[in-house]
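A.B. asks: turn this into a model:
(one chain, ligands or ions: 2)
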Amino acid sequence: MIKVKVLMISFMLVFFAGCFPSSDLNKQEVLLQGRTMGTTYNIKVVIENNAIDTKQVHTGIDALLVQLNQEMSTYIVDSELSRFNTSTSLTPVAISVGLQRVIKEAIRLGQLSEGNLDITVGPLVNLWGFGPEYRPNTIPTAEDLLLARQQIGLSKLVLDGNKLSKKTASLYVDLSTIAKGYGVDLVAEYLEEKGIDNYLIEIGGEMRLKGFKHTGELWHVAIEKPIQDASGEHRSVYQVIIPKDNAVATSGDYRNYHQAKDGQRFSHIIDPATGKPINHKLVSVTVIHPSSMTADGLSTAMMVMGEVKAIDFAEKNGIAAYIIAKTEHGFVEQSTVKFMQYLK
Ligand code: ADP
Ligand code: MG
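C.D. replies: Ligands and ions are numbered 1, 2, ... in the order given. The predicted structure is shown next:
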């Protein structure tokens with residue numbers, strides 16, 4: 001199997017749109033950039049009369065993100081989560097407030113999505129070569145799959161107040177799917193504490209926005225969507241959305257996959273019901289929600305469901321979602337009722 005890791009190819013990239021001349025000279029847009037969680041972050045803050053020391057804010061953000069990684073990265077061997085994962089003890093342990101918040105929400109979304117989002121799916125993620133452990137160059141055998149599947153399941157993880165425990169020694173918790181979103185929420189809370197109420201935060205494609213640009217306009221976000229032209233080639237057009245004071249998360253299997261010699265792609269998203277990478281016609285799912293962590297988790301959960309179930313699930317639960325699916329007649333997009341208010 002040839003391994004191809006494609007990150008953020010131009011297939012469907014959410015990016016910042018809208019460029020207007022400044023109308024209020026007292027207001028300034030400052031861009032803070034850096035790296036975290038194996039990706040980049042871009043934060044735009046609007047400052048009035050230079051009232052806030054943005055260098056200090058930038059240092060504060062970096063410190064927050066370093067702490068977040070030290071709590072929940074599975075790539076850091078001595079992170080709080082890695083220590084929980086490698087421990088074979090079934091005794092409940094006290095965990096940090098950050099881990100509590102993320103695990104609590106992950107369990108809630110896991111139940112809401114009937115197990116489609118499952119943070120215990122790590123052994124399967126590793127088996128298919130996407131986790132920090134190893135990158136096998138063969139497709140797992142039925143026996144490997146069976147073994148890995150026996151180790152997973154949210155019912156084997158118990159959060160009771162600030163105490164976390166596992167019911168089986170080999171349980172492995174992987175928060176990759178909502179940690180970026182949580183990071184965005186943390187930064188948003190931090191900015192608001194510092195008196196910054198106009199911002200656009202983006203970490204690895206996950207976004208949260210509030211207020212206005214320095215020009216007084218609302219923040220615009222563009223979703224790049226593929227189309228199939230007569231030659232069968234894919235080009236991109238944009239769907240501009242105005243999410244207002246919300247987060248925007250997109251899940252799509254074009255970003256990160258392995259490709260076998262016969263061209264078959266293996267997504268990094270695993271269907272816990274089959275133990276295998278998802279394989280359906282859903283190209284991407286975009287969710288708008290006040291919390292970036294929730295939007296992040298919901299978009300991945302819906303990606304696992306596939307196009308028909310995902311739309312039903314979103315409508316039933318009042319979720320603002322926008323999906324793109326591949327059909328015989330080209331790409332088809334669909335918005336839930338709640339999403340329509342954000343379309344420009
Ligand atoms: P996307 O942006 O495409 O949603 P994310 O990075 O948010 O991707 O989440 C994918 C990661 O989550 C995978 O790399 C894997 O570590 C983990 N994962 C895969 N399948 C699931 C699942 N069904 N539930 C929870 N986490 C998953
Ligand atoms: Mg996600």
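A.B. asks: give me the neighbour count for the nearest residue to residue 155 once chain neighbours are set aside.
C.D. replies: In space, and not counting its chain neighbours, residue 155 is closest to residue 167: 7.4 Å by Cβ to Cβ, 6 or more residues apart in numbering. (C-beta placed from N, C-alpha, C; glycine too.) Residues near residue 167, counting by other Cβ atoms under 10 Å, number 11.
A.B. asks: and the closest residue to residue 343 other than its chain neighbours, how far from residue 108?
C.D. replies: Leaving aside its sequence neighbours, residue 343 sits nearest to residue 241 (Cβ to Cβ, 6+ apart; 6.0 Å). Residue 241 sits 26 Å away from residue 108, taking Cβ to Cβ, to the nearest Å as the criterion.
A.B. asks: could you check which of the two is surrounded by more residues?
C.D. replies: Between residue 241 and residue 108, counting by other Cβ under 10 Å, residue 241 is the more crowded of the two (25 against 13).
A.B. asks: all helices of this protein, in order?
C.D. replies: For the chain, the helices defined by DSSP state H cover 54-72, 80-86, 97-112, 122-127, 142-150, 176-193, 292-305, 307-316.
A.B. asks: measure how the longest one sits relative to helix 176-193, angle-wise.
C.D. replies: If I follow you right, that is helix 54-72. Using axes from the mean of the first three to the mean of the last three Cα atoms, to 10 degrees, one finds that helix 54-72 and helix 176-193 are set 150 degrees apart in direction.
A.B. asks: could I get the buried residue list for helix 54-72?
C.D. replies: Neighbour counts over helix 54-72 (16 or more other Cβ atoms under 10 Å) mark 54, 57, 58, 60, 61, 64, 65, 68, 69, 70, 71, 72 as buried.
A.B. asks: which one of those is nearest to residue 197?
C.D. replies: residue 57 (13.3 Å; Cβ to Cβ).
A.B. asks: for that closest one, which non-adjacent residue is closest in space?
C.D. replies: Of all residues not flanking residue 57 in the chain, residue 194 sits nearest, at 5.8 Å (Cβ to Cβ, 6+ apart).
A.B. asks: how about the residues of the stretch 201-344 of the chain by ligand 2?
C.D. replies: For the stretch 201-344 of the chain, the residues in contact with ligand 2 (Cβ under 5 Å from the ion) are 251, 296, 300.
A.B. asks: burial check on the last one, number of neighbours?
C.D. replies: So that's residue 300. 24.
A.B. asks: how about it, what does it touch?
C.D. replies: 117, 177, 178, 251, 269, 285 (Cβ atoms under 8 Å, 6 or more residues apart in numbering).
A.B. asks: show me the two of those that sit farthest apart.
C.D. replies: 178 and 285 (14.2 Å).
A.B. asks: which one of those two has more residues nearby?
C.D. replies: residue 178 (30 against 27).
A.B. asks: the closest residue to the more buried one other than its chain neighbours: how many residues sit nearby?
C.D. replies: Of all residues not flanking residue 178 in the chain, residue 297 sits nearest, at 4.5 Å (Cβ to Cβ, 6+ apart). By other Cβ under 10 Å, the residues close to residue 297 number 30.
A.B. asks: look up how far residue 48 lies from residue 297.
C.D. replies: 34 Å.
A.B. asks: do the same with residue 143
C.D. replies: 63 Å.
A.B. asks: would you mind telling me which of the two has more residues around it?
C.D. replies: residue 48 (14 against 8).
A.B. asks: wouldn't the more buried one be in contact with residue 30 here?
C.D. replies: No: in this structure, residue 48 is not within contact of residue 30 by Cβ atoms under 8 Å, at 11.3 Å.
A.B. asks: returning to what we had before: closest to ligand 2 out of the buried residues of helix 54-72?
C.D. replies: Nearest to ligand 2 among the buried residues of helix 54-72: residue 72, at 14.3 Å, using Cβ to the ion.
A.B. asks: next up, the contacts around that closest one.
C.D. replies: Residue 72 touches 79, 80, 81, 98, 99, 102, 175, 179, 182, counting by Cβ under 8 Å, 6+ apart.
A.B. asks: mind running it again at 10 Å?
C.D. replies: Residues in contact with residue 72 (Cβ atoms under 10 Å, 6 or more residues apart in numbering) are 37, 79-82, 84, 95-96, 98-99, 102-103, 173-176, 178-179, 182-183.
A.B. asks: just the buried ones from the residues you listed, in PyMOL syntax?
C.D. replies: Restricted to buried positions by 16+ other Cβ under 10 Å, the PyMOL selection for the contacts of residue 72 reads:
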select buried, resi 37+79+80+81+82+84+95+96+98+99+102+103+173+174+175+176+178+179+182+183
